[in-house]
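Colleague: Using only what follows, build the 3D model:
(2 chains)
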Amino acid sequence: MTAVSLRGVGKTYGGASARSFAALHDIDLDIETNDFLVVTGRSGCGKTTLLNVATGLAKPTSGTVTVDGADLWGLNDAERTGLRNRTMGFVFQFPSLLPGLSIEQNVMLPLEFSHEEHADARQRARELVELVGLRERMAAYPRELSAGQQQRVVIARALINRPDLLLADEPSSDLDEETEAEIMALFSKVHAERGLTMVMVTHTRQLVAFGTRHVEMTEGALRENDDHTRTAGVVSGAAPGA
Amino acid sequence: MPRGSVTGVEGALLLGNATNTYLPREVVQRISEVPGVAVASPQLYLTSMANSSCCSVSLMFMFAYDPATDFTIEPWLKDKLGRELSTGQAVGGSDVFVPEGRRTIKLYGYDFTLQGNLEPTGTNLDQTLFMTFDSAYDMEQASRTRAKMPLPILEDTVSSVMVKVSPGADRKDVAKALAAAVSGAEAVPAAEMFGSYGSQISGVLRTMLLVVVLTVVLSLALMGLVFWMAVHERRQQIGVLRALGATQSFVLLSYMIEAVVLALAGGLVGTVLASVGLYLFRNLLVSSLGFPFLFPSFGGLLALIVVGLLIALVVVAVAAFVPALRASREEPAVSMRE
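Modeller: Residues are numbered from 1 along each chain as shown, chains lettered A, B, ... in the order given. Alright, predicted model coming up:
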């Protein structure tokens, strides 16, 4: 079953000006339910733009994006935002926790936007913070945590709405190798245990091994790597699901 | 009034200032006989006293009128006191009082019983004592034997004559007839009096309005810049919130609520401080203005604070709206690119 579908998607920055730049060219991509899709490519090749367009964070210049059977840009802003809130969890490259909120409040934040009563919100937050190994830091504030710990809280926040789709944009680029391995192990665990569809964008080719699918981006175009399992073998000591 | 004394009489009537202009009393009869004149009522503006113990300010003025013909003060007296003033009785401006331990106001050796006080006006009328001609003449008599300095009232003189025009008569025609009938006097229609004060006040009001408008425009520009910077600084956070499920209206509303809270807090501090400053320096401000100014009451100040708060609220809300709207409408991906 297809979770996200992109058909003829293009994205050009700068409009019709001479300095316009085409970040995506006529992309066709189906992301199937329970896929762990890894998108690799050099900096500036359009990976983040692909992720943004696929999630409704950026409007494509051409083509259609379908999520859960709904044409994202056929919806109005409130509907699109609601769909994103219900079905997607995000892990960003930059520190994205709100500094004025505690870890628990940060994790519960997406529930605040869901317009539904969640009597078990705190219980859910506790379980997720425990899942990412930070049970003792529930009342702490982001500034009191290391970069790796903050990224784990972001993963907990991404899961609070029980999304179908988890999207990660360079989630470990600012982390040391050991912390990166911990984060990737956490992703693998979440993918395996929760049956999520996951899309991870990274410039680190070694991380392809954690995915079930791999696509390579080059100058705004996609190339499916059917032989990605062979690439996974390069990674030592951190096999998928470890 | 005596020719060339318009400004002095205006000052006496509007501000309660002392004036040394006189007409012979016999002109009252001649004026009353002019066609179109219904009533002619003489008035006398007496010289001021320095450091009177019955007045909260250093100078006090005296204003005498004829109860038999008066149509300017008597109606107020009848309305407020229910009767006319008799000899030895007076009504004071808001700053006039009976000295502590006494039952009368003693002026030039003559005792007045104070029957009441007028509402504050912000002019020298607040330190003026209103009395009948008989009282003024009695005081003049008493001053000759009982006062250190006698009260100088020129015999059979008045300062001005108030004229009530008969119904249907043209005021300007009556004024011309009066000027012709009484040499050395000029008649000024009530509507044309206080013109110099009116234009002075209008000038100050126009200047103040200009200052207020400039202040509001500058505040708008400054607040707009401040909110644009505040919004710009938090673009990435806005992008994250939008990605997590915050709608455009949520972002817009959040910023507008923040703006309103800041406007109320800042506006309250500003208006209260301004009010305290105004209250502490009210006398200096009033004397600096150089024209009648009635300082607002406590209730008036509260109303001004509320108006100030409303202006602050509108200025900040308008200034914050454009940056907040732009931030809310921006694509989340663009916001997060910062």
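
Colleague: C-alpha only now, for contacts and for neighbours.
Modeller: Noted.

Colleague: for the helix or strand hosting B:Val314, what is the average pLDDT?
Modeller: Here B:Val314 sits within helix B:298-329, counting by DSSP states H and E. For helix B:298-329, mean pLDDT is 90.

Colleague: Next secondary structure after that helix?
Modeller: Next along from helix B:298-329, by DSSP H and E: helix B:332-336.

Colleague: Against which helices or strands is that following helix packed?
Modeller: Applying 3 or more Cα pairs under 8 Å, 6 or more residues apart in numbering or on different chains; DSSP states H and E, we find helix B:332-336 packed against helix B:235-244.

Colleague: right, and the helix or strand after the helix it packs on?
Modeller: Where DSSP H and E defines the elements, the next helix or strand beyond helix B:235-244 is helix B:248-280.

Colleague: Show me which positions of stretch B:141-156 end up buried.
Modeller: Going by neighbour count (16 or more other Cα atoms under 10 Å in any protein chain shown), the buried part of stretch B:141-156 is B:Gln141, B:Ala142, B:Ser143, B:Ala147, B:Pro150, B:Leu151, B:Ile153.

Colleague: Next, give phi and psi for A:Phe21.
Modeller: Main-chain torsions, A:Phe21, degrees, to the nearest 10: phi -140, psi 120.

Colleague: And the strands in chain B?
Modeller: B:23-24, B:37-50, B:59-65, B:89-92, B:105-107, B:110-117, B:128-132, B:157-158, B:160-165 (DSSP state E).

Colleague: Export those to a markdown table and append columns for distance to B:Val286.
Modeller: Below are these laid out as a markdown table (distance: least, Cα to Cα, whole Å):
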| stretch | distance to B:Val286 |
| --- | --- |
| strand B:23-24 | 33 |
| strand B:37-50 | 20 |
| strand B:59-65 | 16 |
| strand B:89-92 | 21 |
| strand B:105-107 | 27 |
| strand B:110-117 | 21 |
| strand B:128-132 | 18 |
| strand B:157-158 | 31 |
| strand B:160-165 | 28 |
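
Colleague: Out of the ones you listed, which gets nearest to A:Phe113?
Modeller: strand B:110-117 (65.3 Å; Cα to Cα).

Colleague: Surely B:Asp126 and B:Val91 touch.
Modeller: No - counting by Cα atoms under 8 Å, B:Asp126 stays clear of B:Val91, with 10.8 Å between them.

Colleague: Spit out the residues that contact the two alike.
Modeller: Residues touching both B:Asp126 and B:Val91 by Cα atoms under 8 Å, 6 or more residues apart in numbering or on different chains: B:Leu118.

Colleague: For stretch A:190-208, buried residues please.
Modeller: By neighbour count on 16+ other Cα under 10 Å, the buried set for stretch A:190-208 is A:190-191, A:196-203, A:205, A:207-208.

Colleague: First-to-last residue distance for it?
Modeller: End-to-end distance for stretch A:190-208: 16 Å, by Cα to Cα, to the nearest Å.

Colleague: In contact with the one residue in chain A that gets nearest to chain B: list those residues for me.
Modeller: As assessed by Cα to the nearest Cα, chain B sits closest to A:Asn85 within chain A, at 4.6 Å. Neighbour list for A:Asn85: A:Pro110, A:Phe113, A:Ser114, A:Asn161, B:Ala243, B:Leu244, B:Gly245 [criterion: Cα under 8 Å, 6+ apart].

Colleague: do that again at 7 Å, thanks
Modeller: A:Pro110, A:Ser114, B:Leu244, B:Gly245 (Cα atoms under 7 Å, 6 or more residues apart in numbering or on different chains).

Colleague: Can you read off the pLDDT for the first one?
Modeller: Confidence per residue is given as pLDDT, and for A:Pro110 that number is 95.

Colleague: which non-adjacent residue is nearest it?
Modeller: Spatial nearest neighbour of A:Pro110, excluding adjacent residues (Cα to Cα, 6 or more residues apart in numbering or on different chains): B:Leu244 at 5.4 Å.

Colleague: Among the contacts of A:Asn85, which has the minimum pLDDT value?
Modeller: Minimum pLDDT across the contacts of A:Asn85 falls on A:Ser114, with 88.

Colleague: Not counting its neighbours along the chain, what's nearest that residue?
Modeller: Nearest residue to A:Ser114 in three dimensions, chain neighbours excluded: A:Asn85, at 6.5 Å (Cα to Cα, 6+ apart).

Colleague: what about A:Arg19, how many neighbours?
Modeller: For A:Arg19, the neighbour count with other Cα atoms under 10 Å in any protein chain shown is 9.

Colleague: between the strands of chain B, which one is nearest to A:Val38?
Modeller: Taking Cα to Cα, strand B:110-117 is the member of the strands of chain B nearest to A:Val38, at 90.6 Å.

Colleague: can you give me the angle that closest one makes with strand B:128-132?
Modeller: 110 degrees (axes from the mean of the first three to the mean of the last three Cα atoms, to 10 degrees).

Colleague: Report the mean confidence score over strand B:110-117.
Modeller: Mean predicted lDDT for strand B:110-117 stands at 89.

Colleague: So in that sheet, which strands flank that strand, and in what orientation?
Modeller: Sheet pairing here is set by DSSP bridges, and for strand B:110-117 it gives strand B:89-92 (parallel), strand B:105-107 (antiparallel).

Colleague: So A:Val219 sits against A:Cys45, correct?
Modeller: Slight slip there: residue A:219 is Glu, not Val. Yes - between A:Glu219 and A:Cys45 there is a contact under Cα atoms under 7 Å: 4.6 Å.

Colleague: More neighbours: these two, which one.
Modeller: Comparing A:Glu219 with A:Cys45 by other Cα under 10 Å, the one with more neighbours is A:Cys45, at 20 against 16.

Colleague: Does A:Val39 lie in a helix or a strand, and which?
Modeller: Going by DSSP H and E, A:Val39 is in strand A:36-41.

Colleague: need the next SSE after that strand, C-terminal direction.
Modeller: Criterion used, DSSP H and E; the element after strand A:36-41 is helix A:47-55.

Colleague: Name the residue closest to the centre of chain A, please.
Modeller: Centroid-nearest residue in chain A: A:Leu167, 1.4 Å away (criterion: Cα atoms, centre = their mean).

Colleague: quick one, phi psi at it?
Modeller: The phi/psi pair for A:Leu167 (degrees, to the nearest 10) reads phi -120, psi 130.

Colleague: just the one 10 residues further on next, same as before
Modeller: Taking degrees, to the nearest 10, you get phi -60, psi -40 for the backbone angles of A:Glu177.

Colleague: Model confidence score at it, please.
Modeller: Listed pLDDT for A:Glu177 reads 85.

Colleague: How many residues are close by it?
Modeller: Neighbour count for A:Glu177, taken as other Cα under 10 Å: 11.

Colleague: Now do it against A:Phe90, distance only.
Modeller: The gap separating A:Glu177 from A:Phe90 is 22 Å, by Cα to Cα.

Colleague: what about the closest residue to chain A within the stretch 201-338 of chain B, neighbour count?
Modeller: Closest contact between the stretch 201-338 of chain B and chain A, by Cα to the nearest Cα, is at B:Gly245 (4.6 Å). B:Gly245: 26 surrounding residues under other Cα under 10 Å.
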